[in-house]
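# Provided below are the primary sequence and the corresponding predicted coordinates.
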Amino acid sequence: MIDALREAFGRIRAFFRRGQMEGDLSAEFASHLDFAIEENVQNGMSAEEARRQALVRFGGLQGARERHREARGLPGLDNLLRDLRYALRSLRRDRAFTFIAVLILGLGIGANIAVFSIVNGLLLRPLPFHQPQQLVWIAPSNGKTGLSSETYTVDAYEEFRDGNRSFQSITGYFAFSSPNNYRLQGHGDPLPVTGISVLGNFFSTLGVQPVFGRLFTAQERKGNGPAVALLEYGFWQRQFAGDRSLVGKAINLNGQPTTVVGILPDTFDFGSVFSPGAVVDFFAPANTEMMRPWGNTLSLLGRLKPGVTIGQAQAETSILAPKLYFSPKFARSQGVYASTKLTGLKEYVSGKLRRSLVVLWCAVGMILLIVCVNLANLLLARTAARSKEFAMRAALGAGRWRLASQMLAESFVLAAAGALLGLGLAYATVRYLAHQGSIALPLLSSVRIDGEALGWTLLITIISAVLFGLFPGLKISGKDLQSSLKDMGHGMSAGRRHNRVRATLVISEVALACVLLISAALLLRSFLRVLDVDLGFRPSQAYAIQVDLDDKMNQAQVAVRFREVLDDVKTIPGIQQAGISDNLPLEGNRSWGIQAKGKQHREGEQSDAFVYMVTPGYLETMGMRLIQGREFSWLMCAYEHSSRVAQAG
């Protein structure tokens, strides 16, 4: 054991003194060679023949040096450093090839890093909550669409909360909040902000704790007590410059003093998880008593008890849901709670994107494979011109692995340079996507280049280097000296066998490119079909603005003000028609139960319809065609305070 440690220490010491020892080795070899030549001369040989015979006895100086290096120091690491230095010198001489290789590798590796970061953030990384595997999304599974058929009443929430035995807690939030539904007043003009009403135990169920301040108290959770709010971290930074003294003070929201009780952590992004594309500024306790008669308004989620699976909770919920359905207490929502489906929150948030992201991941992987095949072909062409060099090195005693390792060293240098370029491109791409609010993908704001992405970068860099460097290295090192000299002698072209290998690589590259192009064409065709869907209105010439009214205005005053706004808009040159709606098309779905005259429904059956509040002129403004009947008159219209004006030119 002691001898082994002593030998290992000696090798390490020799490795760090390899410069001095190389000089000693050269001097020793020169001395032995001189003695051998002198001995041959004394035996009657000429000086030239004596030197040749001495070199033959040594087996070549290079081979002898290699054998002595392996007997001391760390030959593997020493050879690696030597190969890397030689690779850098070789690639520096061929700058055009190096530039092209690094560029295409940077694009291929960068695309893979960016897509992996997205896949990791959306599919692989757990949600940024405490024990996220216990969180479950609770929703009706009645096959209907619209938020009204995907949400619950306050009564149903309380029934779930009190009747279940599988959940630690059940919570939710008001699902019909619209953007800029509050006005922050203070200095200057009122600032539009977005607030979400949540049930009092929302943050404790998620396991989110404020970085400053506290969560809602039991009294505040009722929603009918003092006005309080929890601020999003980003909103607190933007609007209040990160002022910690704001906690405990009041801000003016819609003319009402509202106490800021806490600041949420920057890792919590409500819009990223529950409403992709939305920017939420603060949270307030939901007033459940006021919301009770509103119908289906709450989106629910729960936290399972330790040891309880989703399957066990689903079995209990399947028993509980029909009780809601047949209870007279929920008669106004019959048909909605016939069944309830539980889904892991992670699966609910990003499960629908899994197939698309996996396809995208495979596509960029194929792009990198094409890059590797292309580089292998380029390296083969480059090594063909260096066949005489490798043949001479083999004649001087270099083994097949030493020649192949030299090619691998060049491929690793190229792959490392390409990875650095790709990492920079991926960082810029991911940073742009994470701050791109117009792309409504869940968890997109949490996408980043982290340690896992760096590990993926290292992995694909090594794989890429082996893919495009190993085959050319084995190919060139496997040639015998005579065939190499014949193939690459003066006035000779590369051999037919070499040409066949290159042709095979070109065919493989074209085949992979064809597969990728055909897949892209099919995706493009599907995308064009989606764009060709008849929306039922013409958005190309429609424009929208938001109208804010004084909350103190009564319905009659609102009606008068809306008519004045429409009259003013119609006087703008180029405007043909204008109308008002409480929601833009495709923006939000609100379904109401309807009963057609003379239509009989079976028990538990109900008809639903999506409802938009609009004024006269709206249908014409949006390019909607009436098949029969007429538009509304002003006497028939009802208004809401938070409305939009759609105007077409």
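Here it is on my side, so go on.
# what's the end-to-end length of stretch 220-239?
Taking C-alpha to C-alpha, to the nearest Å, the first and last residues of stretch 220-239 lie 24 Å apart.
# now do that stretch: distance to the chain's middle.
30 Å (C-alpha atoms, centre = their mean, to the nearest Å).
# likewise stretch 166-179?
With C-alpha atoms, centre = their mean, you get 26 Å for stretch 166-179.
# flag every buried residue along that stretch.
Judged by neighbour count using 16 or more other C-beta atoms under 10 Å, the buried positions of stretch 166-179 are 166, 167, 169, 170, 171, 172, 173, 174, 175, 176, 177, 179. The C-beta positions use only the backbone N, C-alpha and C, and glycine is treated the same way.
# would JSON lines of those with distance to residue 234 be doable?
Supplementary listing: these in JSON lines, determined by distance: C-beta to C-beta, whole Å:
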{"residue": "166", "distance to residue 234": "35"}
{"residue": "167", "distance to residue 234": "31"}
{"residue": "169", "distance to residue 234": "27"}
{"residue": "170", "distance to residue 234": "28"}
{"residue": "171", "distance to residue 234": "23"}
{"residue": "172", "distance to residue 234": "23"}
{"residue": "173", "distance to residue 234": "19"}
{"residue": "174", "distance to residue 234": "21"}
{"residue": "175", "distance to residue 234": "22"}
{"residue": "176", "distance to residue 234": "23"}
{"residue": "177", "distance to residue 234": "18"}
{"residue": "179", "distance to residue 234": "15"}
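# closest to residue 315 among the residues you listed?
residue 166 (8.7 Å; C-beta to C-beta).
# same for the host helix or strand of residue 421, what does it pack against?
Using DSSP states H and E, residue 421 falls within helix 400-434. The contact analysis (3 or more C-beta pairs under 8 Å, 6 or more residues apart in numbering; DSSP states H and E) places helix 400-434 against helix 75-93, helix 95-119, helix 354-384, helix 387-395, helix 451-477.
# what's the closest of those to residue 544?
Nearest to residue 544, of all those, is helix 354-384, at 29.2 Å by C-beta to C-beta.
# tell me what angle the closest one forms with helix 400-434.
140 degrees (axes from the mean of the first three to the mean of the last three C-alpha atoms, to 10 degrees).
# name the residues of helix 354-384 that are buried.
In helix 354-384, counting by 16+ other C-beta under 10 Å, buried: 357, 360-361, 363-380, 382-384.
# what does stretch 433-446 give?
433, 434, 441, 442, 443, 444, 445, 446.
# that older thread, so which of the buried residues of stretch 166-179 sit within helices?
Among these, DSSP state H puts none in helices.
# only C-alpha atoms, please: export stretch 136-143 in CSV.
The C-alpha coordinates for stretch 136-143 follow below in CSV (Å, rounded to 0.1, in the frame of the first residue of the first chain):
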residue,chain,number,x,y,z
VAL,A,136,-54.3,18.9,-6.8
TRP,A,137,-56.5,20.8,-9.2
ILE,A,138,-60.3,20.3,-8.6
ALA,A,139,-62.6,20.8,-11.5
PRO,A,140,-66.0,19.5,-12.9
SER,A,141,-65.7,16.9,-15.6
ASN,A,142,-69.0,17.4,-17.3
GLY,A,143,-67.7,17.8,-20.9
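# residue 406 - how many residues pack around it?
Applying other C-beta atoms under 10 Å, we find 27 residues neighbouring residue 406.
# I figured it hits residue 84, correct?
No - using C-beta atoms under 8 Å, residue 406 makes no contact with residue 84, being 9.8 Å away.
# can you redo the buried residues of stretch 166-179 as a markdown table with distance to residue 245 and pLDDT?
Formatted as a markdown table, those follow (distance: C-beta to C-beta, whole Å; pLDDT from 0 to 100):
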| residue | distance to residue 245 | pLDDT |
| --- | --- | --- |
| 166 | 43 | 92 |
| 167 | 38 | 93 |
| 169 | 32 | 93 |
| 170 | 36 | 94 |
| 171 | 30 | 94 |
| 172 | 32 | 94 |
| 173 | 29 | 95 |
| 174 | 30 | 93 |
| 175 | 34 | 90 |
| 176 | 34 | 87 |
| 177 | 28 | 85 |
| 179 | 29 | 83 |
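# how far away is residue 610 from residue 141?
Between residue 610 and residue 141 the computed distance is 19 Å (C-beta to C-beta, to the nearest Å).
# which among the helices and strands packed on helix 400-434 is found nearest to residue 35?
helix 387-395 (25.0 Å).
# show the average pLDDT along the closest one.
Helix 387-395 carries an average pLDDT of 64.
# and for stretch 124-140?
Computed over stretch 124-140, the mean pLDDT rounds to 91.
# the nearest residue to residue 634 once chain neighbours are set aside and residue 566: what is the separation?
Leaving aside its sequence neighbours, residue 634 sits nearest to residue 616 (C-beta to C-beta, 6 or more residues apart in numbering; 5.9 Å). Residue 616 sits 9 Å away from residue 566, taking C-beta to C-beta as the criterion.
# out of the buried residues of stretch 433-446, who's nearest residue 525?
residue 441 (22.5 Å).
# who touches the nearest residue to residue 267 once chain neighbours are set aside in this structure?
Sequence neighbours aside, residue 128 is the residue nearest to residue 267 in space, at 4.8 Å (criterion: C-beta to C-beta, 6+ apart). Contacts here follow C-beta atoms under 8 Å, 6 or more residues apart in numbering; on that basis residue 128 touches 267, 268, 446.
# distance check, residue 128 against residue 268.
Between residue 128 and residue 268 the distance is 7 Å, computed by C-beta to C-beta.
# tell me the confidence at residue 420?
Value for residue 420, per-residue pLDDT: 94.
# would you map out the domains in this protein?
Per the record, the chain has its domains at 2-73, 95-124+354-493, 142-338, 542-648, by automatic domain parsing.
# rebuild the contacts of residue 128 as TSV, extending it with secondary structure.
Formatted as TSV, the contacts of residue 128 follow (DSSP: H, G, I helix; E, B strand; the rest coil):
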residue	secondary structure
267	coil
268	coil
446	helix
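# wait, doesn't residue 199 sit right on residue 161?
No - using C-beta under 8 Å, residue 199 makes no contact with residue 161, being 9.3 Å away.
# and these two? Which one has more around it.
residue 199 (24 against 17).
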